[in-house]
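Engineer: Model the following, please.
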Amino acid sequence: MAAEELIQDRDDVRPHVEVDVTTEHPDRPLRAANGDPGRHASSPPPPDSAPEEQPECGKLSSLFKQNQLIHSLSSGLRRHCDYVKIAVPEERADALPAEWWKTGVAFLYALFVLVFTTVIITVVHERVPDKSVSPPLPDKFFDYVDRAPWAFTVTEVNGLILCGLWLVQLLCLKHKAIVGRRCFFLIGTLYMYRCVTMYITTLPVPGKHMVCAPKLYNDSTGKIWRILGMISGGGLSLTGSHLMCGDFLYSGHTVMLTLSYLFIKEYSPPWMWWYHWSCWLLSASGVVCILVAHEHYSVDVVIGYIASTRTFWWYHTMADTHALRQPSSSFLSRTWWSPVFNFLERNVHTAVPITFSWPVTLPSCCRPRYRMVEGGRDE
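Structural biologist: The predicted model follows:
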């Protein structure tokens, strides 16, 4: 028995679909209309051909049901067009743009402040009272802990190790441009605070062991050479470039030890806990050794720690929480550096993920051999 099924499909479902089935008996055509079960009336096949026509009848019944379902759905959609529109925000093309030129501006800001710091130290050095005239101020830590001459060397070695680790980690970050300008801005801001506190309040030396360079008074040329010498030696006692006194309030060594650890921990994965603890031990022992060496008063270290941690946490709280950037929503946005923050972070619309990549672009033949290392951030 031959069966022919003709189904015509168009862009929209037609409201009336007809299916013609031709059987062995052409004088008894079977015609059915979609959506009207009452029109399925047809002459019953002869008894002897019933077993052969049963598969065609089953197929026809299935086709009728499908057409009825399609027709009912299309009719319902035409009658009920009040759809609910759900607005889905489009993802930004680049939520974390590099903007290296902003990083360059932040670097110049930090560089200017560091150079300006050496100028302030040179000026303040001329105002430090002589040890014979103004002895060291009493300090509770000094009353209980005797001075260890080697301790300050430990401080500077620990600081160099932490700064080196952070520099390598920064170069390996994928979003190093964003993180770099945050680092430069915080360094510049904290050392600018230090310039203010050093200049307005000049403390006497914390110990009689300290040897200060002679005062130059009106020798401008000598002061310029001192500034250049301090810059070339990084302001470290290890290099012999820091022989001036007066830069006590607050401790610059404490700032670098604390800030380098905070950046290392913030931009490294949580599973590197051993790395975090090692850097914390370096930072904490370096800060304690400042006091053990009697190179700073206790208040210098305390203020340096408070200024570093609070400024770091304020900045990153505003950076990671977009709603806090609006002046009317948070007191954090009322800081004096809020306009500078908006300039640096205006196009950063999400938290910076901890993603590492190669600091230099590898040749195309070597790229498939390496995989990017990614770590999760605790949100």
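Engineer: which residue sits closest to N347 in space, ignoring its chain neighbours?
Structural biologist: Across the structure, with Cβ to Cβ, 6 or more residues apart in numbering as the measure, the residue nearest N347 apart from its sequence neighbours is P97 (5.1 Å). (Each C-beta comes from the backbone N, C-alpha and C, glycine too.)
Engineer: Look up how far T254 lies from the closest residue to G207 other than its chain neighbours.
Structural biologist: In space, G207 comes closest to H294 once its chain neighbours are excluded; the distance is 4.2 Å by Cβ to Cβ, 6+ apart. From H294 over to T254 the distance is 15 Å, taken as Cβ to Cβ, to the nearest Å.
Engineer: on that earlier part again, next one: the residue nearest to G207 from W337, what distance?
Structural biologist: When Cβ to Cβ is applied, the distance between H294 and W337 equals 34 Å.
Engineer: List the buried residues of stretch 102-118.
Structural biologist: Neighbour-count burial for stretch 102-118, counted by 16 or more other Cβ atoms under 10 Å, picks out 102-103, 105-107, 109-110, 113-114, 117-118.
Engineer: quick one: contacts of that stretch?
Structural biologist: If you take Cβ atoms under 8 Å, 6 or more residues apart in numbering as the criterion, stretch 102-118 is touched by 177-178, 180-182, 184-185, 187-189, 191-192, 194-195, 227, 230-231, 235, 247, 252, 343-344.
Engineer: so how far is it from its chain's centroid?
Structural biologist: 22 Å (Cα atoms, centre = their mean, to the nearest Å).
Engineer: what's the answer for stretch 107-124, then?
Structural biologist: Offset of stretch 107-124 from its chain centre (Cα atoms, centre = their mean): 28 Å.
Engineer: May I have that stretch exported as CSV, CA atoms only?
Structural biologist: Included here for stretch 107-124 are C-alpha records, laid out as CSV according to Å, rounded to 0.1, in the frame of the first residue of the first chain:
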residue,chain,number,x,y,z
PHE,A,107,54.4,56.7,38.9
LEU,A,108,55.5,60.3,38.3
TYR,A,109,53.4,61.4,41.3
ALA,A,110,55.2,58.8,43.5
LEU,A,111,58.6,59.7,42.1
PHE,A,112,58.0,63.4,42.7
VAL,A,113,56.9,62.9,46.3
LEU,A,114,59.9,60.6,47.1
VAL,A,115,62.3,63.3,45.7
PHE,A,116,60.4,65.9,47.7
THR,A,117,60.8,63.8,50.8
THR,A,118,64.6,64.0,50.5
VAL,A,119,64.4,67.7,50.2
ILE,A,120,62.2,67.9,53.4
ILE,A,121,64.7,65.7,55.3
THR,A,122,67.5,67.9,54.3
VAL,A,123,65.6,71.0,55.5
VAL,A,124,64.5,69.3,58.8
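Engineer: Poorly predicted segments of this structure, please.
Structural biologist: Residues of the chain that meet the criterion pLDDT under 70 lie in 1-59, 73-74, 76-94, 327-329, 361-379.
Engineer: where along it do the helices fall?
Structural biologist: 50-79, 100-125, 140-144, 151-172, 176-200, 220-232, 252-266, 273-292, 298-320, 338-345 (DSSP state H).
Engineer: hmm, back to that, among H294 and W337, which residue is more densely surrounded?
Structural biologist: H294 (24 against 17; other Cβ atoms under 10 Å).
Engineer: doesn't R147 make contact with the more buried one?
Structural biologist: Yes: counting by Cβ atoms under 8 Å, H294 does reach R147; the two are 4.3 Å apart.
Engineer: Overlap of the contact sets of those two?
Structural biologist: Common contact partners of H294 and R147 (Cβ under 8 Å, 6+ apart): 207, 209.
Engineer: so who does S283 touch?
Structural biologist: Applying Cβ under 8 Å, 6+ apart, one finds that S283 lies in contact with 158, 162, 257-258, 260-261.
Engineer: no no, F142
Structural biologist: Shown here is F142, whose contacts under the criterion Cβ under 8 Å, 6+ apart are 136, 206-207, 294, 298.
Engineer: Could you pull up the contacting residues of F312?
Structural biologist: Going by Cβ under 8 Å, 6+ apart, F312 touches 186, 259, 262-263.
Engineer: Quick check: of those, which lies closest to Q169?
Structural biologist: The shortest distance between Q169 and any of the contacts of F312, using Cβ to Cβ, involves F263 and amounts to 8.0 Å.
Engineer: Can you give me the distance of the nearest residue to V145 once chain neighbours are set aside to A98?
Structural biologist: Leaving aside its sequence neighbours, V145 sits nearest to V292 (Cβ to Cβ, 6+ apart; 6.0 Å). Distance from V292 to A98, counting by Cβ to Cβ: 43 Å.
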